[in-house]
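1. Task: produce atomic coordinates for the following.
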Amino acid sequence: MLYSMTGYGKAVVKLPNRDVSIEIKSLNSKQLDLSVRMPSVYSPIDGRIRSEIAKLVERGKVELSIRVDNIASENGACINVPIVKKYKEQIIDAANEIGAKIPENWFEILLRMPEAITTEVKEVNEDESEAIVNGVIEAINALSIFREQEGAMLQSIFEAKIANIRALLESVEPYEKERIEKIKNRLIENLEKIKEVDYDKNRFEQELIFYIEKLDINEEKTRLDNHLNYFLETMAAKQGQGKKLGFIAQEMGREINTMGSKANNAELQRIVVQMKDELEQIKEQVLNVL
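-> Next up, the predicted model:
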């Protein structure tokens, strides 16, 4: 079963004096690339949070943000005047530059800007720490569900693309037989046009067989078919198959390219181009597979 590296998860932790919003999102990356943004008051549990993410999220560019949404007045909340003034100046400058009208509720907007309101909370007790860590785990689980849904969609795309390549591969056979006959007839016709040249027909047959063998694509067809089967088998295995699927796609590309170099037939070349197009779409989407 496939899992996508792209995903999103969210959890809200309800505390006595405030609500804490936890969001996690991920994009594709070769390794686990983790970024955590949270209020400094939660720094003591930073290591635990990173450990939980590393256990449950194998790979991807992951961003986790923890934001305190509501802070009760008894917690020492206050307006960060210097920050608010700076935001005001920037809003006015931007409005003047683009000719926009400053909204009437500009003060409310300023108060919603990051760090416009600060709190004097000095430390977090053990119960709150556990609640935050559990909230992080909840957000990660939501991310995993999202990744699973995206993975199912990717799997259906791959199955369709593999079926298309297989159908194109099966359509090669009539053109393959036809091109051998055309090559043989063309060589004979060219030799017959040269009246003054005599040639050993037995030797010609031997050389023709050797030449046709060099153009034979049966091995490439067999290997490509095996790669198609292996790709489907790998998708059905446990999660974390993204890199392996990428390697299989590369091998598929080698066989298709070799078939193209041996084609020597316009229709066969057209089929090869179509197979390449299907494969490129697979390669593009494989980058998103966990």
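2. So for the longest strand seen in the chain, what gets flagged as buried?
-> Longest among the strand segments of the chain by residue count, using DSSP state E, is strand 60-71. The neighbour-count check on strand 60-71 (16 or more other CB atoms under 10 Å) flags G60, K61, V62, L64, I66, V68, I71 as buried. Any C-beta I mention is one placed from the backbone N, CA and C, and that applies to glycine too.
3. Tell me which other helices or strands it touches.
-> strand 18-27, strand 32-37, helix 46-56, helix 126-170 (3 or more CB pairs under 8 Å, 6 or more residues apart in numbering; DSSP states H and E).
4. for the third one, packing partners?
-> With contacts taken as 3+ CB pairs under 8 Å, 6+ apart, helix 46-56 sits against strand 32-37, strand 60-71, helix 126-170.
5. Could you spell out the sheet neighbours of the first one, each with its direction?
-> Strands flanking strand 32-37 in the sheet, each with its direction: strand 60-71 (parallel) (DSSP bridges).
6. How far away from the center of its chain is the strand it pairs with?
-> In terms of CA atoms, centre = their mean, to the nearest Å, the centre of strand 60-71 is set 23 Å apart from its chain centre.
7. what angle separates that strand from strand 18-27?
-> Interaxial angle of strand 60-71 relative to strand 18-27 (axes from the mean of the first three to the mean of the last three CA atoms, to 10 degrees): 160 degrees.
8. Strand 60-71 vs helix 46-56, what angle?
-> Using the same axes, to 10 degrees: strand 60-71 against helix 46-56 is 130 degrees.
9. Tell me the confidence at N288?
-> What the model reports for N288 is a pLDDT of 91.
10. What of V197?
-> V197 is given a pLDDT of 64.
11. rewinding a little: adding mean pLDDT and mean neighbour count, write the helices and strands packed on strand 60-71 out as a markdown table.
-> Below are these laid out as a markdown table (pLDDT from 0 to 100; neighbours: other CB atoms under 10 Å):
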| stretch | mean pLDDT | mean neighbour count |
| --- | --- | --- |
| strand 18-27 | 92 | 19 |
| strand 32-37 | 91 | 14 |
| helix 46-56 | 90 | 15 |
| helix 126-170 | 94 | 17 |
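12. Next, format those as JSON lines and append distance to H227.
-> Below are these laid out as JSON lines (distance: least, CB to CB, whole Å):
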{"stretch": "strand 18-27", "distance to H227": "28"}
{"stretch": "strand 32-37", "distance to H227": "29"}
{"stretch": "helix 46-56", "distance to H227": "32"}
{"stretch": "helix 126-170", "distance to H227": "9"}
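13. for these, which one sits closest to Y87?
-> Closest approach to Y87 among the helices and strands packed on strand 60-71 (CB to CB): strand 32-37, 18.8 Å.
14. That closest one vs helix 126-170, what angle?
-> Computed by the same axes, to 10 degrees, the angle separating strand 32-37 from helix 126-170 equals 140 degrees.
15. i'd like the first residue to be 12 from this point on
-> All set: I'll call the first residue 12, so the last point we hit is now strand 43-48.
16. hmm, who's touching strand 43-48?
-> 57, 60-61, 64-65, 68-77 (CB atoms under 8 Å, 6 or more residues apart in numbering).
17. quick one: L256 and M246 touch, right?
-> Yes - using CB atoms under 8 Å, L256 makes contact with M246 at a distance of 7.0 Å.
18. Give me the common contacts of the two.
-> With CB under 8 Å, 6+ apart as the test, L256 and M246 both reach F169.
19. Restricting to C-alpha, output the longest strand of the chain in PDB.
-> Extracted in PDB, the C-alpha atoms of strand 71-82 (Å, rounded to 0.1, in the frame of the first residue of the first chain):
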ATOM      1  CA  GLY A  71       9.500  14.200   3.800                       C
ATOM      2  CA  LYS A  72      10.000  17.900   4.400                       C
ATOM      3  CA  VAL A  73       7.900  18.300   7.500                       C
ATOM      4  CA  GLU A  74       6.800  21.600   9.200                       C
ATOM      5  CA  LEU A  75       5.200  21.600  12.600                       C
ATOM      6  CA  SER A  76       3.800  24.800  14.100                       C
ATOM      7  CA  ILE A  77       2.300  25.300  17.600                       C
ATOM      8  CA  ARG A  78       0.300  28.400  18.200                       C
ATOM      9  CA  VAL A  79      -1.400  29.700  21.300                       C
ATOM     10  CA  ASP A  80      -4.800  31.000  20.000                       C
ATOM     11  CA  ASN A  81      -6.500  32.400  23.100                       C
ATOM     12  CA  ILE A  82      -4.800  33.600  26.200                       C
END
